[in-house]
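In: sequence and predicted structure, then a few things I'm wondering about:
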Amino acid sequence: MEDTAFATKFSDKIRSLASSQYPCNVPKTIDKRVITTISLNLQDCPENKNCSGLKGKSFYASMNNQSFVRPSISILESYYKNLTKGSFSSGFPEKPPNNFDYTGGDPLTQNMNTKFGTKLIVLPYGTNLEIVLQDTSFLNLENHPIHVHGHNFFIVGRGLGNFNEARDPKRYNLVDPPERNTVAVPSGGWAAIRIKADNPGVWFIHCHLEQHTSWGLATGFIVHNGQGPSQSLLPPPQDLPSC
């Protein structure tokens, strides 16, 4: 049974208490908006190799056509020690590389290759960040549970079809949206979340369908230190085992 519309309608009714005892501190304005597609990909098989995926290709997944590659060393440790060369890079794309009808048609005959890397979003302390998560019809429309480490966020909007940057933000709930750390992106739709980046460090964003995460449906963001010890990343404990 197709229950996407019912589930989305039910989720839209969930609200924060937004009372004096339980305030809803949703960011009313934003400093940065990142619009990212969520896709399953078919990668062309290298020459002289057999691939077990559909059409003789390999399965991968991506956000904004970037399939996340896990580095061989801890990103948090390399960031803290300023050993950034080779472990990750900034510059995760803030918008999809190509505009198309993300949730319509059958793209199986199109090029569904992805790029690979460890690109992160880098934020000054206190940034009001909005992330719009857009499902795509690559391989299959699917409900993706996207989880953010290190921060709660507010689900300010969601809908079916393609996100419209000029129209949809006008309908956001900035009064009493639900506060979560995981959002279900509707199958064939989108969800918008807002985060106050006030927890310094390196934080993972990924699909909670572990198969998709292993295929690369993930990224991360770095929150720089603010002012003073309470807004700064703590040093690792002295007995922390080396990676």
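Out: It's in. This is a predicted model, so every value here is computed, not measured. Residues are numbered from 1 along each chain as shown.

In: from now on I want contacts and neighbour counts done on CA atoms only, so please keep to that.
Out: Noted.

In: now the nearest residue to P145 once chain neighbours are set aside: which helix or strand?
Out: Once flanking residues are discounted, P145 sits nearest to A184: 4.3 Å by CA to CA, 6 or more residues apart in numbering. Using DSSP states H and E, A184 sits within strand 182-185.

In: kindly report the same for G157.
Out: Per DSSP H and E: G157 is located in strand 153-160.

In: burial of F153, as a residue count?
Out: 25 (other CA atoms under 10 Å).

In: residues in contact with L54?
Out: Neighbour list for L54: L42 [criterion: CA atoms under 8 Å, 6 or more residues apart in numbering].

In: follow-up on the earlier one: roughly how far does the residue nearest to P145 sit from S58?
Out: Note on A184: its distance to S58, by CA to CA, to the nearest Å, is 26 Å.

In: of these two, who's got more company?
Out: Neighbours per residue, other CA under 10 Å: of A184 and S58, the larger number sits with A184, 21 against 18.

In: ok, that one touching N143?
Out: Yes - using CA atoms under 8 Å, A184 is in contact with N143, at 6.3 Å.

In: in what helix or strand does Q211 lie?
Out: Here Q211 is assigned to helix 210-215, by DSSP H and E.

In: elements contacting that helix?
Out: In terms of contact count using 3 or more CA pairs under 8 Å, 6 or more residues apart in numbering; DSSP states H and E, helix 210-215 is assigned the packing partners strand 58-63.

In: tell me which residue of this protein is furthest from the middle?
Out: In terms of distance from the mean C-alpha position of the chain, N48 ranks first, at 34.4 Å (CA atoms, centre = their mean).

In: at which residues are the strands of this protein located?
Out: Applying DSSP state E to the chain gives strands spanning 32-43, 58-63, 66-68, 89-90, 115-117, 119-123, 127-135, 144-148, 153-160, 179-180, 182-185, 189-197, 201-207, 218-223.

In: out of those, which is the most enclosed?
Out: Counting by mean count of other CA atoms under 10 Å, strand 66-68 has the highest mean neighbour count of these, with a mean of 26.

In: distance from it to the middle of the chain?
Out: Relative to the centre of its chain, strand 66-68 is centred 11 Å away, using CA atoms, centre = their mean, to the nearest Å.

In: next, name the residue at the spatial heart of the chain.
Out: I205 (5.0 Å).

In: nearest residue to it other than its sequence neighbours?
Out: Nearest-residue entry for I205: V148, 4.6 Å, with adjacent residues in sequence omitted and distances by CA to CA, 6+ apart.
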